[in-house]
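Asks: what's the 3D shape of this:
(one chain, ligands or ions: 1)
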Amino acid sequence: MPIANGEILKDALHNHYAVPAFSAHSFDMVDAILEESQSENYPVIIQIGQRAIRNQQMQSLSDYIRYRAQSVTVPVVIHLDHSHDFSQVVQALRAGFTSCMIDASLLPFGENVALTRDVVHVCHSVSVPVEGELGTIGGVEDDAYVAEEDVVYTPVDAAAHFVAQTGVDSLAVAIGSAHGMYRREPKLDLERLKQIQEAVRIPIVLHGGSGIPREQVRKAISLGIAKINFDTELRIAFMNGWREAVRENADDPFSASLAAQASLRETVKEKIAWCGGHSDHAFS
Ligand SMILES: [Zn+2]
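Replies: Sure, this is the predicted structure:
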């Protein structure tokens, strides 16, 4: 299957399912995510975030995903996660990404609009959709930390203006989810989500998917969430598998790698089920 772009989110919104966006930090993780998505016959977004990019993995992961996607039949999107910088978006486009997020959510509203609009302009010129963010999502994501008291939920009116003024294709919102693992059970502001969806009518993105109870996720999808980001739980699953294998066989990287991938695949399988489960769509 050729690499898809984020347009898949429109289909998800109209048909009431979500596409999982899994963060990949290594080739092994890409393999596990793709193999499980294929086995579940479910579209997938593989996102490359700031941590991987800092470790010089932008081009190599993009190349590897593109190469490996040739052997699956489900749509695969290569997504740039939480970019704060126009130049980095351009680098990602050159590296073959098919979807980009510009996160200028910590800037004042007008500056967020201006930077996001510039990114939309350049991405749309090469048919790559853009995810923007309004509101602040708490927790730690790669290099950014937002304390609980600094979290600002996405205002409904501002969301409508933001989407109209920037032309973004999807919108990340702050409705009670956070990056990293939760210290107590999160409670999503579903009423706010419903109002935002009615105001913007584009796919909405839920960040911090790790640890949100399944019922809340299902409800959020029914109210317009079309993409859910998963990172923390994936890294934990992968490293747990790795650690257990090393304990038994300390000098065999191959068995450690296989065990890490098997453990990651379990988590990927679970999250796909949360996003909508087996899909009967014919992807072509
Ligand atoms: Zn995020």
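Asks: which residues in the stretch 151-284 of the chain form helices?
Replies: 156-166, 190-200, 214-222, 232-248, 253-275 (DSSP state H, counting those that start in this stretch).
Asks: Would you mind measuring from whichever residue of the stretch 151-284 of the chain sits closest to the ion to residue 254?
Replies: The ion sits closest to residue 207 of the stretch 151-284 of the chain, with a gap of 3.4 Å, by C-beta to the ion. Just so you know, the C-beta spots here come from the backbone N, C-alpha and C atoms, and that holds for glycine as well. Distance from residue 207 to residue 254, counting by C-beta to C-beta, to the nearest Å: 34 Å.
Asks: pLDDT value on the residue nearest to residue 185 when sequence neighbours are not counted, please?
Replies: Nearest non-adjacent residue to residue 185, counting by C-beta to C-beta, 6 or more residues apart in numbering: residue 213, 6.5 Å away. We have a pLDDT of 89 for residue 213.
Asks: Over to residue 185?
Replies: So, for residue 185, pLDDT stands at 83.
Asks: That one and residue 214 touch, don't they?
Replies: No: look at residue 185 against residue 214 with C-beta atoms under 8 Å: they stay out of range, at 11.8 Å.
Asks: residues shared between the contacts of those two?
Replies: Both residue 185 and residue 214 lack any common contact, where contact means C-beta atoms under 8 Å, 6 or more residues apart in numbering.
Asks: Surely residue 269 and residue 36 touch.
Replies: Yes: counting by C-beta under 8 Å, residue 269 touches residue 36, with 5.5 Å between them.
Asks: between these two, which one's more packed in?
Replies: Neighbours were counted for residue 269 and for residue 36 using other C-beta atoms under 10 Å; residue 36 has more, 23 against 15.
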